[in-house]
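Undergrad: Sequence first, predicted coordinates after that:
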Amino acid sequence: PPAERNPTGDQEPPANLSSGQGIPPAPARGTEEGKPPLLLSRRSSILSTLPAPLASRRSSLGAAPGGRRPSIGCPWMLHSHVSFSGLPLFQPVLKTRLENTYRMRPDKGCKFNAGRVQQVLEGALASALGTTVYSPQGSALLAQSLVELLQSQAKEVVPPRYKLVCNVLLGQQGQQSLLVASRALWDPESDSFASATFSNASLFAVATVHGVYFE
Amino acid sequence: MEPIIISSMPDSNSDLQGFLIIENTSTNWYGQTAIESAIGGNAYQHSKVNQWTTSVVEQTLSQLTKLGKPFKYIVTCVIMQKNGAGLHTASSCFWDNSSDGTCTVRWENKTMYCIVSAFGLAI
């Protein structure tokens, strides 16, 4: 009797099914899995990685013995795990953990380039604020959009694995005095900052970008 | 270089306490106390402003460092004289949302405004 070719490629050797005879194999190590629930809905997993002796594979009783290949149209064949009810079991969304790269420092030549970032900031401020007039309501939104613009422009010139903190101060030009100071606890070899200022007749802006290497 | 994936499993609680936890409790307090002690009852003086900002920033930073958490900190201080002019400040950060955070403290008296921002970035 011809041995049944296993369509799903599992590990156990093909059972010796007698396709030509009318005797249903019992208990047969069925080679066909995922058969439609004709009478009994007992189904085994299709692409199971369990070793053969542990898997309880039975062809459904009452199914015709011998090779019944599952048709392409069966939806449950597309899923790797099938529950007893016949509905596919969806695996929960897995969070991947990345392997430690053990990189404590940025590569040579890949450091935060403060001068370049400063040029980018100056250019961006000048082009965005050229002749803008300060207004109490509008300037709040302007500050937010400006800082996002600066961050996106800074990201382009900053090497990878750098976290950025961008700060923008937008104020009305008056006769007041202002001082901006910042201090950081970081690795001075890899981390740095850049700042730029801009002023016109009605407003002034101070932009700062701190770049911190992410180990 | 392709990052190598070592395991895929349901996410468990991360080991690093987010900076957000710190900010809600102590950073606010550190900022406040630093400002109060440095410029508490003073009027704006141009000659002293440099010294004040330095002291505010240093005190806040040293208090944060004493927490001993695995974070890099950036502390910014702005002192502006009160003159009727308006001021807006905005900040945008490119970081890991789950572990990094920020805290801002605003303070004023009759002659000046002071804004202190602290950013904590996990390493």
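TA: Sure, I can see it.
Undergrad: Apart from its chain neighbours, what residue comes closest to residue 112?
TA: Chain wasn't specified; assuming chain A. Of all residues not flanking A:F112 in the chain, A:G211 sits nearest, at 3.8 Å (C-beta to C-beta, 6 or more residues apart in numbering or on different chains). For the C-beta atoms, the positions are set from N, CA and C on the backbone; glycine is no exception.
Undergrad: The chain in question should be chain B.
TA: Spatially, and ignoring its direct neighbours in sequence, B:M112 is nearest to B:Y44 (4.3 Å; C-beta to C-beta, 6+ apart).
Undergrad: so what's the one you found up against?
TA: B:Y44 makes contact with A:177, B:79, B:81-82, B:111-112, according to C-beta atoms under 8 Å, 6 or more residues apart in numbering or on different chains.
Undergrad: What pLDDT is listed against it?
TA: At B:Y44, the model reports a pLDDT of 86.
Undergrad: Could you look up the SS state of it?
TA: Three-state call for B:Y44 (DSSP: H, G, I helix; E, B strand; the rest coil): coil.
Undergrad: ok, now how distant is it from A:N100?
TA: Per C-beta to C-beta, to the nearest Å, B:Y44 is found 50 Å from A:N100.
Undergrad: A:S152 should be in a helix, yeah?
TA: Yes: counting by three-state DSSP, A:S152 falls inside a helix.
Undergrad: Quick one: neighbours of it, just the number.
TA: Per other C-beta atoms under 10 Å in any protein chain shown, the neighbour tally for A:S152 reads 13.
Undergrad: Now stretch B:95-106: buried residues?
TA: Buried residues in stretch B:95-106, counted by 16 or more other C-beta atoms under 10 Å in any protein chain shown: B:95, B:99-105.
Undergrad: near chain A too, which of those residues?
TA: For chain A, the contacts drawn from the buried residues of stretch B:95-106 by C-beta under 8 Å from any C-beta of the partner chain are B:95, B:100, B:102.
Undergrad: Distance of A:D107 relative to A:S190?
TA: Noted for A:D107: a distance of 10 Å to A:S190, by C-beta to C-beta.
Undergrad: out of the two, which sits in the busier spot?
TA: The neighbour comparison of A:D107 against A:S190 (other C-beta under 10 Å) goes to A:S190, with 19 against 10.
Undergrad: so where's chain B uncertain?
TA: For chain B, applying pLDDT under 70 flags the ranges B:1-27.
Undergrad: can you give me the helices in it?
TA: Assigned helices in chain B, in chain order: B:19-22, B:28-39, B:46-66 (criterion: DSSP state H).
Undergrad: nearest to chain A, of these?
TA: helix B:46-66 (3.7 Å; C-beta to the nearest C-beta).
Undergrad: I'd like to know which elements the closest one is packed against.
TA: The contact analysis (3 or more C-beta pairs under 8 Å, 6 or more residues apart in numbering or on different chains; DSSP states H and E) places helix B:46-66 against strand A:178-185, helix B:28-39, strand B:71-81, strand B:112-122.
Undergrad: Would you mind identifying the next helix or strand past the worst-scoring helix or strand of chain A on mean pLDDT?
TA: Ranked by mean pLDDT, DSSP states H and E, the helix or strand of chain A with the weakest confidence is strand A:95-98, at a mean of 67. Sequence order places helix A:114-129 as the next helix or strand after strand A:95-98, per DSSP states H and E.
Undergrad: now that following helix: mean pLDDT?
TA: Per-residue pLDDT values across helix A:114-129 average out to 90.
Undergrad: For it, list every residue counted as buried.
TA: Within helix A:114-129, the residues that count as buried by 16+ other C-beta under 10 Å are A:117-118, A:120-122, A:124-125, A:128-129.
Undergrad: got it, and stretch A:156-174?
TA: A:158, A:161-172, A:174.
Undergrad: nearest residue to B:C114 other than its sequence neighbours?
TA: Among residues not flanking B:C114 along the chain, B:W107 sits closest, at 4.5 Å (C-beta to C-beta, 6+ apart).
Undergrad: Pull the contacting residues for B:T53.
TA: A:179-181, B:77, B:79.
Undergrad: could I get those as CSV with neighbour count and distance to B:S55?
TA: Listed next are these as CSV, based on neighbours: other C-beta atoms under 10 Å in any protein chain shown; distance: C-beta to C-beta, whole Å:
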residue, neighbour count, distance to B:S55
A:L179, 15, 13
A:V180, 18, 15
A:A181, 19, 10
B:C77, 27, 9
B:I79, 25, 11
